[in-house]
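Visitor: Please work out how this folds:
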Amino acid sequence: MKQSLRFIAILFVLAFVVNSSMAQNPTYNLVAKNFSFGTITNPDDALYFDVYLQWTNSGSVPNYEYAGVQLYWSFNRNVLTGTTFPPTLNGGTSAIPDTSEFSFKIVGSEITNSTLIPRNPSVWTATSPTADIMRLAVNTFPGFGNGFNVPAVFPGIKVVRMRLWNKLGTFNASSLDIAWRNKPIVFFATKVFAYVGTLNTEITTPNTHTVEYTNDPLPVELASFAAATNRNNVMLNWSTAKEINNSGFDVERKLTTTNEWTRVGNVAGNGTTNETHNYTFSDRVTTGNYNYRLKQVDFNGNFEYFNLSSEVNVGIPDKFDMSQNYPNPFNPSTKINYDIPVDGKVTIALYDISGREIAKLVNEVKPAGYYTVQFNASNLSSGMYFYRISAGDFVSTKKMVLIK
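Guide: Take a look at the predicted model:
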């Protein structure tokens, strides 16, 4: 009897081992998609894309628990401008500031209930076999079982959102030509891992690795973008042929001699429409040469840039002038514009109704140009006041009204 029980036990163990060895591993789709240009310091110096993982045989195997991926892509180095290509590794881990000419970095993930361990997002642009390759590994901790459950619903889970940053230049019109590096490539092939039971198991099936380039229309199709100047007032005008999910436009400006853009205003968009829409924005600036651009922002936060094709030149005034303060009446702040056609001493003084000087708003030498002075009257009483400009032979007096 004991021998029979032992025999049955052995058969049970053998059956379990056979069934375990014949158990079907999870299958999956791995896709790189959502390619778009973004910005860090320039409109198109960064390329963003996502990597999604979808479980495809959910009805026949236990939960697909994510263990890790090793992701390798070949790409066309000609998309990068302004860089050199030393035969060394460029890039670094996500925790170390990148110092190379271009970098490959994780900027997001939807895997939330596992500790992700990103390993060396890197870019090689060297001689074979490590030529023009982007590489990333994303594993989970602690390394046995209890990984993230990969969903079977399309498109799956966003394993990573990646950013390729071209620090010394931008991306040109060449095709990216990104492609998975898959087996039987000997050097640096893409691999996918899952926990089968508690074992970290490679389940790589290269035929399910895809790259998805979409030809969807841009969120906004810009038909025109132009600027006109009237003295120091810059009028921007642009038109859209159609819009998709358009929240609006941030208007950004910079001096042509600098790299720092400043947001100077916002114009609301028209959501989704196939009709032509015209937009305008007015910007008052001082003498100088300027660049302008529009940052078109979707309701979901995505954005793209449209650059004004030519710079805007604001010269010096051809005569002295001082404007009426605005707003007027005011409480408690108001602005005064004044124009100076030549370098010289400028004084703008404030007087009360009795003619007593109570403040100097401007009292210094100014180079020729357009200026604005802001005055805060929070320490004054309501009433009528006068302000006078003296610049060379030019003298002008106007009144303002403070109402509290």
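Visitor: Verify the contact between A67 and V138 for me.
Guide: No. Using Cβ atoms under 8 Å, A67 makes no contact with V138, being 10.1 Å away. All C-beta spots, glycine's among them, are computed from the backbone N, C-alpha and C.
Visitor: Helices along the stretch 1-150 of the chain, start to end?
Guide: 2-22 (DSSP state H, counting those that start in this stretch).
Visitor: Where does the prediction get shaky in it?
Guide: 1-23, 38, 42-44, 81-102, 112-116, 125-131, 141-146 (pLDDT under 70).
Visitor: Could you give the bridge partners of K254?
Guide: Following DSSP bridges, K254 is listed with bridge partners N291.
Visitor: Wait, it touches Y290, no?
Guide: Yes. Between K254 and Y290 there is a contact under Cβ under 8 Å: 6.9 Å.
Visitor: Of these two, which one has the most company?
Guide: A count of neighbours by other Cβ atoms under 10 Å puts Y290 above the other of K254 and Y290, at 19 against 15.
Visitor: How about the more buried one, nearest residue that isn't a chain neighbour?
Guide: V312 (4.6 Å; Cβ to Cβ, 6 or more residues apart in numbering).
Visitor: what's the distance between the one you found and Y279?
Guide: 17 Å (Cβ to Cβ, to the nearest Å).
Visitor: Same check on T140?
Guide: For T140, the distance to Y279 - Cβ to Cβ - is 48 Å.
Visitor: More neighbours: which of those two?
Guide: Legend: neighbour count by other Cβ under 10 Å for T140 and Y279, higher for T140 (22 against 19).
Visitor: just checking, N207 is part of a strand?
Guide: No. According to DSSP: H, G, I helix; E, B strand; the rest coil, the state of N207 is helix, so it is not within a strand.
Visitor: In contact with it, which residues?
Guide: For N207, the contact set (Cβ atoms under 8 Å, 6 or more residues apart in numbering) is empty.
Visitor: distance of it from G59?
Guide: 20 Å.
Visitor: domains of the protein?
Guide: Here the domain parsing of the chain from automatic domain parsing is 25-211, 220-314, 321-402.
Visitor: measure the shortest one end to end?
Guide: Here the two ends of domain 321-402 are set 23 Å apart, with distance taken as Cα to Cα, to the nearest Å.
Visitor: which residues does the residue nearest to Y290 contact?
Guide: V312 neighbours (Cβ under 8 Å, 6+ apart): A227, T229, V234, N289, Y290, N291, Y292.
Visitor: any idea how far F171 lies from G59?
Guide: Distance, F171 to G59, using Cβ to Cβ: 42 Å.
Visitor: Compare the two (neighbour count), which wins?
Guide: Neighbours per residue (other Cβ under 10 Å) separate F171 from G59, with F171 holding more: 19 against 6.
Visitor: now that one: how far from P317?
Guide: 42 Å.
Visitor: E221 is in contact with N274, correct?
Guide: No. In terms of Cβ under 8 Å, N274 does not count as a neighbour of E221; the distance is 9.8 Å.
Visitor: Quickly list what's touching both of the two.
Guide: By Cβ under 8 Å, 6+ apart, the residues touching both N274 and E221 are K242.
Visitor: Tell me which of those two has more neighbours.
Guide: A count of neighbours by other Cβ under 10 Å puts E221 above the other of N274 and E221, at 13 against 9.
Visitor: So which residues of the stretch 201-350 of the chain form strands?
Guide: Applying DSSP state E, counting those that start in this stretch to the stretch 201-350 of the chain gives strands spanning 209-211, 220-230, 233-255, 262-273, 277-284, 288-298, 303-307, 312-314, 321-322, 333-340, 344-351.
Visitor: quick one: strands adjacent to the shortest one?
Guide: Its sheet considered, strand 321-322 pairs with strand 333-340 (antiparallel) by DSSP bridges.
Visitor: got a list of contacts for the partner strand?
Guide: Contacts for strand 333-340 (Cβ under 8 Å, 6+ apart): 231-232, 284, 317, 319-323, 325-328, 346, 348, 361-362, 366-377, 387, 389, 391, 400.
Visitor: From these, list the buried ones, please.
Guide: 232, 317, 320-322, 325, 346, 348, 361-362, 369-371, 373, 375, 377, 387, 389, 391, 400 (16 or more other Cβ atoms under 10 Å).
Visitor: Excluding chain neighbours, give the residue nearest to T41 in space.
Guide: Leaving out its chain neighbours, the residue that sits closest to T41 by Cβ to Cβ, 6+ apart is N259, at 6.6 Å.
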